[in-house]
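Peer 1: Dropping the sequence and predicted coords here.
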Amino acid sequence: MSKIEDILAKMAERSLEQQDQILQQQGQIAGLIDAIKTMPGVLNPVAVQVQPAVIDPAIARADKVQRLSMSMRKTNRIKEFKGNDSDIRIFIKKFEGELETLKPMVGIADNLTDLEYIPIFRALLSFSVLERVEQVFRKDTGNIKTWGSITIKDLHKLMVEEFGVKHTDVAMC
């Protein structure tokens, strides 16, 4: 029987050790809970105000112009101008009409600047037309006209002079 008593004594000893460990762990858990309760935002939630990121108006405008440019390239109403296809006046009128239609769709309310308008217009000109306009720029004695410096009005005037239908009036001769 001494073996059984030894086994029971060992079991009782282990049971006491386990109870001590459990008490120690409960003390640690209680300490952690107290520490968590003192952390800011646990008992009294922290008020958080999320504000959207401030977007620079110039960046927003550039994004809208980029979307307008993509829409102009994808539209079926206006095709690339090839110099010999039609009158440039008709092309400019269609181009302006399509711009006015697409601007509200991308969120542009005001007129485009020269720096925004010219690249969109230029993208819809064929290579031969672009080369001819480049030659006109080179012929300019003051070398003032370039794609970066020309205004919308001057570009339209240049295009009409270069690609407009030339009517000869027989009655004037």
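Peer 2: Arrived safely, thanks for sending.

Peer 1: which parts of the strand or helix carrying Leu68 are buried?
Peer 2: Element membership of Leu68, judged by DSSP states H and E, is helix 57-74. For helix 57-74, the neighbour count (16 or more other Cβ atoms under 10 Å) marks 61, 64-65, 68-69, 71-72 as buried. Where you see a C-beta, it was placed from the backbone N, CA and C, and this is true even at glycine.

Peer 1: and the closest residue in space to Thr146 that isn't next to it in sequence, what pLDDT?
Peer 2: On the basis of Cβ to Cβ, 6 or more residues apart in numbering, the spatially nearest residue to Thr146 that is not a chain neighbour turns out to be Phe137, at 6.0 Å. Looking at Phe137, its pLDDT reads 85.

Peer 1: what's the answer for Thr168, then?
Peer 2: Model confidence at Thr168, given as pLDDT, is 55.

Peer 1: quick one on the thing from earlier: grab the two from the buried residues of helix 57-74 that are most spread out in space.
Peer 2: The two members of the buried residues of helix 57-74 with the most space between them (Cβ to Cβ) are Arg61 and Met72, at 16.3 Å.

Peer 1: Spatially central residue in the protein, please.
Peer 2: Most central in the chain under Cα atoms, centre = their mean is Asp63, positioned 4.7 Å from the mean C-alpha point.

Peer 1: got the contact list for that one?
Peer 2: For Asp63, no contacting residues are found, by Cβ atoms under 8 Å, 6 or more residues apart in numbering.

Peer 1: show me where this structure has helices.
Peer 2: For the chain, the helices defined by DSSP state H cover 2-38, 57-74, 88-106, 114-123, 127-139, 152-163.

Peer 1: Is the residue nearest to Thr146 in contact with Lys145, as I believe?
Peer 2: Yes: under the criterion of Cβ atoms under 8 Å, Phe137 lies in contact with Lys145, with a separation of 4.9 Å.

Peer 1: Format the buried residues of helix 57-74 as TSV; extra columns: pLDDT and distance to Ala35.
Peer 2: Formatted as TSV, the buried residues of helix 57-74 follow (pLDDT from 0 to 100; distance: Cβ to Cβ, whole Å):
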residue	pLDDT	distance to Ala35
Arg61	93	52
Lys64	94	52
Val65	94	55
Leu68	94	57
Ser69	93	58
Ser71	92	59
Met72	91	62
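
Peer 1: Closest one of those residues to Arg89?
Peer 2: Minimum separation from Arg89 among the buried residues of helix 57-74 (Cβ to Cβ) is found for Met72, which lies at 18.6 Å.

Peer 1: Give me the nearest residue to the closest one, chain neighbours excluded.
Peer 2: Setting aside the residues directly before and after it, Met72 is nearest to Ile120 in space (Cβ to Cβ, 6+ apart), at 5.6 Å.

Peer 1: Thanks again, I'm all set now.
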